[in-house]
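Participant: For reference, the sequence and a predicted model appear below.
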Amino acid sequence: MSKILSRPAWTLMTLLSLAVALTAYRYVLNVGPLAPNVLANLFATPFLVVHVAGAATALLIAPFQVLPGLRARRPGLHRVLGRIYVASCLTGGVGGLVLAFGSTAGPIAMAGFGLLAVAWIGTTVQAWRMAMARRIVEHRAWMIRSLALTLAAVTLRLYLPLAAVGPIPFVEAYRAISFLCWVPNLLLAEVWLRRRPSPFAAA
């Protein structure tokens, strides 16, 4: 079956995902430096913990679910991790959707993060439905879309340092990032899928 990512790209994605996930868990454990603007969200209690627990767990699992060798040699483990991934995405997505309505950055950020949550939940549910129907080619295509949205947590954190030192006021930059952290990811996934209409046909 075709590889989704080259080894260097997979390694970079994995390292970034692990770094973001492990540092995000501090909100679950309530330890270390916690961003005041994050805690100021109107629905931070209890939905911040719900969102972080789900999203961080999805980030930990996602890179390993795209490894062809794991799927081929350990299909049972792939299915178990897949169930945990789906549950984590749905938990993180629901928590993120509620948090979007409590954003202190205003309605634009609310729309950006809210639409991300809806798209994340939708693509993941569709991937799960295709798996249950044994439509594996479509399942994997929808999982690529879900993965692209899971990685919004990574791209968000790549943008934030740039916003902090850029010429645009941080709040305005943050509003743009609420869309930039996931729309390009999803577009790149769609371009990849359309350029390779049957990337898993040989699976």
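Facilitator: Thanks, I have it. Residues are numbered from 1 along each chain as shown.
Participant: helices and strands around the worst-scoring helix or strand of the chain on mean pLDDT, which ones?
Facilitator: Counting by mean pLDDT, DSSP states H and E, the chain has its least confident helix or strand at helix 68-73, which shows a mean of 82. Helices and strands touching helix 68-73, by 3 or more CB pairs under 8 Å, 6 or more residues apart in numbering; DSSP states H and E, are helix 75-101. Every C-beta, even on glycine, is put in place using the N, C-alpha and C of the backbone.
Participant: Okay, buried residues for the next helix or strand after the helix it packs on please.
Facilitator: Using DSSP states H and E, the next helix or strand after helix 75-101 towards the C-terminus is helix 107-132. Using 16 or more other CB atoms under 10 Å as the test for burial, helix 107-132 gives 108-110, 112-117, 119-121, 123-128, 130-131.
Participant: residues near Phe170, how many?
Facilitator: 15 (other CB atoms under 10 Å).
Participant: returning to that earlier point: report the buried residues of the least confident helix or strand of the chain.
Facilitator: Arg71.
Participant: what sits against the most centrally placed residue in the chain?
Facilitator: Closest to where the C-alpha atoms of the chain average out (CA atoms, centre = their mean) is Thr150, at 1.0 Å. Contacts for Thr150 (CB atoms under 8 Å, 6 or more residues apart in numbering) come out as Ala55, Ala58, Leu59, Ala62, Cys89, Trp120.
Participant: Using a markdown table, lay out those residues together with distance to Tyr159.
Facilitator: Formatted as a markdown table, the contacts of Thr150 follow (distance: CB to CB, whole Å):
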| residue | distance to Tyr159 |
| --- | --- |
| Ala55 | 16 |
| Ala58 | 20 |
| Leu59 | 16 |
| Ala62 | 19 |
| Cys89 | 21 |
| Trp120 | 18 |
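Participant: Out of those residues, which one has the weakest pLDDT?
Facilitator: Here the lowest pLDDT out of the contacts of Thr150 sits on Ala62, with 94.
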